[in-house]
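Undergrad: I need the structure of the sequence given here:
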Amino acid sequence: MSDISLTFGGDPVFDGLDLVVQPGDRVALVGRNGSGKSTLMKVMAGLVEPDQGTRVLSPGVSVGYMEQHPDLSQFSTLGEFAVSGLEPGQDYLVERVAEGLKLRLDAPVTTASGGERRRAALAKLLAEAPDLMLLDEPTNHLDIQAIEWLEDELSQTRAGFILISHDRAFLRALTRATLWVDRGQVRRQEKGFEHFEAWRDKVWDEEDQSRHKLNRKIKSEARWAVEGISARRKRNQGRLRALQDLKAERAAQIKRQGAAEMALEAGPKSGRKVIEARGISKSYGDRVILRDFDLRVMRGETIAFVGPNGAGKTTLLNMLVGQETPDTGSVQHGTGLEIAVFDQNRTGLVEDDSLWENLTGDPDMRVSGKADQVMVRGNPKHVVGYLKEFLFSDAQARAPVRSLSGGEKARLILAKIMARQSNLLVMDEPTNDLDVETLDLLQELITAYDGTVLVVSHDRDFLDRVAERTIAMEGDGRATIYPGGWSDYQAQRDARVGAPEKKKEKSKPKAENLKQDMRSQPDGLSFTEQHRLDALPAEMDRLSAEIAKLEEFLMDPELFTREPVKFKKASEGLAERQKALAAAEEEWLTLEEKAEAARG
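TA: Below is the predicted model of the structure:
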């Protein structure tokens, strides 16, 4: 791509862009929501014509683009669409991919969801295997098992690919170079996404230093102009022109967009026990979603729900918050619950209404008699001012929601949720389409939130950062509770699966075997003690991670003055976890010494 310029009204999306993609490149394409990532990918695919510049393909090179909203109107089933670009007899290529992506090829187009259509587009692209694959958010609407399958598939391909994704674990595993779209420029670094944030921060730091030097030089030259120009008017016209050039250079610089000023504020505290589920179950006909499940959710916990698509995560979540009734058992709520819900289907947005209308038309945000204000956590705010806190411009305030990118729609949903006071936050796939900076901020907000959080997500990195317990929907109605986030769950599950014979013996020992074991090893560990010894390392890791998060949160020197309630809660939580960690370490040491003595 040479000298590419493109403008959609207002500031140019790109100006004078030069870009080369080599055979076999594995590239992360990153940037803020709305920065032009998807537009750049469509220019690469030849779907959007630039105002200026050329796009050239090497002879014989094929490029494939994963369509976000594919046109399936000419096809009766998803499978018919997916095989449409293949030679006769190559249907097996789609069938193999469809199995990994958990795509039903016989699903009718007329009833297919947006997620199923996207998976069909992804299956079509992978089966066609072009030399360069352009993948715009390929992990959206995939469960973690399908994401891991796709990750493995891409790691083995010889083709090149460019990825837009919010899934940092996915990007870290696959990419070897990074394209960064920022204020109409595209920078390239020959390192994968793992090194992006350090690179970005370095570029921004150098930019700030350069701007600071420019401002100092302008001030110095302006002072000279005021103090000495009358005596040296003819000789120093060149210096004056240079001063004007410096000012023009500063004016031409595009201001870097700051971070969103999102805030989560908990309402009055709920009771200490938030939710208690006893023996709940759910079935749809012969299909068992959940059987005989118990859960107690305490105030301040962040609990994640994971499992394959269709396993029942959202159904369980809905039963816990009272939006769905279990077939058996009971769900009791604690006192004073104020619930805010992030819906993965964005049903809270009216696509044809403007951003302004979506906020002022919300009954929870409406200010009586004020058409230009919204209620934000009990205080009226001008609607445009509030939208700016979520990085929306004045022009976007009056634009229809359908004109927004996926990430911008997610930010608008967050704006609606965060306007409310709540003490129970329910989030169903909140990370889809969010850029790295907004995702980081959301994680910080959840960690510091003075309330309880229930979250469904397929983002492994996000789960590791926020979850204190993980509920895994494991099929056949089984839901198992694990301490920690995704990596903790994986380690504990793998340890259990890794030695099935031994685990089976230990998990359901006969009473006489246990008694015999304890008689033959009087100085060894009992079955209960051994089980505890096995579980303690994961518990200590979880406590250590929570302590690190809280210590980082409390490092803010302004926190006590700005948020005294959160400071107090975090300090108390830190002390509790430090005490629990010390006790766990002492218990582990005692049991390990006892086991070592038994081993001789």
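Undergrad: give the contact list for Tyr489.
TA: Residues near Tyr489 by C-beta atoms under 8 Å, 6 or more residues apart in numbering: 306, 470, 472, 482. For the C-beta atoms, the positions are set from N, CA and C on the backbone; glycine is no exception.
Undergrad: contacts only, for the third one.
TA: This means Ala472. Ala472 neighbours (C-beta under 8 Å, 6+ apart): 306-307, 479-480, 482, 489, 493.
Undergrad: could you grab the helix/strand/coil label for it?
TA: Applying DSSP: H, G, I helix; E, B strand; the rest coil to Ala472 yields a three-state assignment of strand.
Undergrad: can you verify Ser330 is assigned to a strand?
TA: Yes: residue state for Ser330 (three-state DSSP) corresponds to a strand.
Undergrad: now do the nearest residue to it once chain neighbours are set aside against Val383, distance only.
TA: Distances taken as C-beta to C-beta, 6 or more residues apart in numbering put Arg278 closest to Ser330, at 5.4 Å, once the chain neighbours are dropped. Using C-beta to C-beta, to the nearest Å, we find Arg278 at a distance of 44 Å from Val383.
Undergrad: over to Asn358?
TA: Distance, Asn358 to Val383, by C-beta to C-beta: 10 Å.
Undergrad: wait, Lys102 touches Leu150, no?
TA: No: in this structure, Lys102 is not within contact of Leu150 by C-beta atoms under 8 Å, at 10.8 Å.
Undergrad: and the helices in the stretch 1-150 of the chain?
TA: 37-45, 78-82, 91-101, 114-128, 144-156 (DSSP state H, counting those that start in this stretch).
Undergrad: how about the stretch 401-550 of the chain?
TA: All helices of the stretch 401-550 of the chain, identified by DSSP H, counting those that start in this stretch, fall at 406-418, 436-448, 460-466, 486-498, 500-507, 511-520, 527-554.
Undergrad: distance between the ends of stretch 64-72?
TA: Criterion C-alpha to C-alpha, to the nearest Å; first-to-last residue distance in stretch 64-72 is 17 Å.
Undergrad: cool, stretch 329-349 as well?
TA: With C-alpha to C-alpha as the measure, stretch 329-349 spans 34 Å from end to end.
Undergrad: kindly report the same for stretch 150-165.
TA: Stretch 150-165 has an end-to-end distance of 13 Å (C-alpha to C-alpha).
Undergrad: and that stretch, how far out from the chain middle?
TA: Distance of stretch 150-165 from the chain centroid (C-alpha atoms, centre = their mean, to the nearest Å) equals 20 Å.
Undergrad: before we move on, the earlier item: how about JSON lines for the helices of the stretch 401-550 of the chain, with distance to Ser210 added?
TA: JSON lines is the format used below for the helices of the stretch 401-550 of the chain (distance: least, C-beta to C-beta, whole Å):
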{"stretch": "helix 406-418", "distance to Ser210": "29"}
{"stretch": "helix 436-448", "distance to Ser210": "21"}
{"stretch": "helix 460-466", "distance to Ser210": "32"}
{"stretch": "helix 486-498", "distance to Ser210": "40"}
{"stretch": "helix 500-507", "distance to Ser210": "60"}
{"stretch": "helix 511-520", "distance to Ser210": "71"}
{"stretch": "helix 527-554", "distance to Ser210": "30"}
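Undergrad: of all these, which lies closest to Phe81?
TA: Closest to Phe81 of the helices of the stretch 401-550 of the chain is helix 406-418 (C-beta to C-beta; 21.6 Å).
Undergrad: so who does Ala321 touch?
TA: Actually, residue 321 is Val. It isn't Ala. Here Val321 is in contact with 275, 339, 341, 424, 426, 454 (C-beta under 8 Å, 6+ apart).
Undergrad: report the two of those separated the most.
TA: Ile275 and Val341 (14.3 Å).
Undergrad: follow-up on the earlier one: pick out the most distant pair among the contacts of Ala472.
TA: Ala479 and Arg493 (13.2 Å).
Undergrad: more neighbours: those two, which one.
TA: Comparing Ala479 with Arg493 by other C-beta atoms under 10 Å, the one with more neighbours is Ala479, at 23 against 15.
Undergrad: and the residue nearest to Ser330, its phi and psi?
TA: When read as degrees, to the nearest 10, the backbone of Arg278 gives phi -130, psi 120.
Undergrad: was I right to think it contacts Asp292?
TA: No: with contact defined as C-beta under 8 Å, Arg278 does not count as touching Asp292 (9.5 Å).
Undergrad: which neighbours do those two share?
TA: Gly329.
Undergrad: any residues in contact with both of Lys102 and Leu150?
TA: Leu142.
Undergrad: tell me which of those two has more neighbours.
TA: Leu150 (21 against 16).
Undergrad: make sure that one is actually in contact with Pro138.
TA: Yes: in terms of C-beta under 8 Å, Leu150 counts as a neighbour of Pro138; the distance is 6.5 Å.
Undergrad: of all the helices of the stretch 1-150 of the chain, which lies closest to Asp208?
TA: helix 37-45 (24.0 Å).
Undergrad: can you list the buried residues in the lengthiest helix in the chain?
TA: In the chain, assigned by DSSP state H, the helix with the most residues is helix 564-599. Using 16 or more other C-beta atoms under 10 Å as the test for burial, helix 564-599 gives 566-567, 569-570, 573-574, 577-578, 580-581, 584, 587-588, 591, 594.
Undergrad: got it, and stretch 171-186?
TA: Quick answer for stretch 171-186 (16+ other C-beta under 10 Å): 171, 173-175, 177-182, 184, 186.
Undergrad: please apply the same query to stretch 333-348.
TA: Buried residues in stretch 333-348 (16+ other C-beta under 10 Å): 333-334, 337, 339-344.
Undergrad: and it, how far out from the chain's middle?
TA: 19 Å.
Undergrad: and for stretch 74-87, what's in contact with it?
TA: 70, 72, 90-91, 93-94, 98, 103-109, 112, 116-117, 119-120, 123-124, 127-128.
Undergrad: just the buried members of the residues you listed?
TA: Using 16+ other C-beta under 10 Å as the threshold, 70, 72, 93-94, 98, 103, 105, 107, 109, 112, 116-117, 119-120, 123-124, 127-128 are the buried ones among the contacts of stretch 74-87.
Undergrad: how far away is the spatially most central residue of the chain from Arg402?
TA: Centroid-nearest residue in the chain: Thr431, 3.0 Å away (criterion: C-alpha atoms, centre = their mean). Applying C-beta to C-beta, the value for Thr431 to Arg402 is 22 Å.
Undergrad: related to what we said a few turns ago, turn the buried residues of stretch 333-348 into JSON lines, columns for distance to His531.
TA: Output for those, formatted as JSON lines (distance: C-beta to C-beta, whole Å):
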{"residue": "His333", "distance to His531": "33"}
{"residue": "Gly334", "distance to His531": "31"}
{"residue": "Leu337", "distance to His531": "35"}
{"residue": "Ile339", "distance to His531": "36"}
{"residue": "Ala340", "distance to His531": "38"}
{"residue": "Val341", "distance to His531": "38"}
{"residue": "Phe342", "distance to His531": "37"}
{"residue": "Asp343", "distance to His531": "40"}
{"residue": "Gln344", "distance to His531": "37"}
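Undergrad: of these, which pair is most distant in space?
TA: With C-beta to C-beta as the measure, no two of the buried residues of stretch 333-348 lie farther apart than Gly334 and Gln344, at 25.6 Å.
Undergrad: sorry, back to before: tell me what the longest helix of the chain is packed against?
TA: In terms of contacts (3 or more C-beta pairs under 8 Å, 6 or more residues apart in numbering; DSSP states H and E), helix 564-599 is packed against helix 527-554, helix 559-562.
Undergrad: what's the mean pLDDT across the shortest one?
TA: This points to helix 559-562. In this model, helix 559-562 carries a mean pLDDT of 76.
Undergrad: now what about that helix, what contacts it?
TA: Residues contacting helix 559-562 (C-beta under 8 Å, 6+ apart): 553, 566-567, 570.
Undergrad: make CSV out of the residues you listed and add pLDDT.
TA: Formatted as CSV, those follow (pLDDT from 0 to 100):
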residue, pLDDT
Phe553, 80
Lys566, 79
Phe567, 78
Ala570, 81
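Undergrad: which one among the residues you listed gets closest to Leu47?
TA: Phe553 (44.2 Å).
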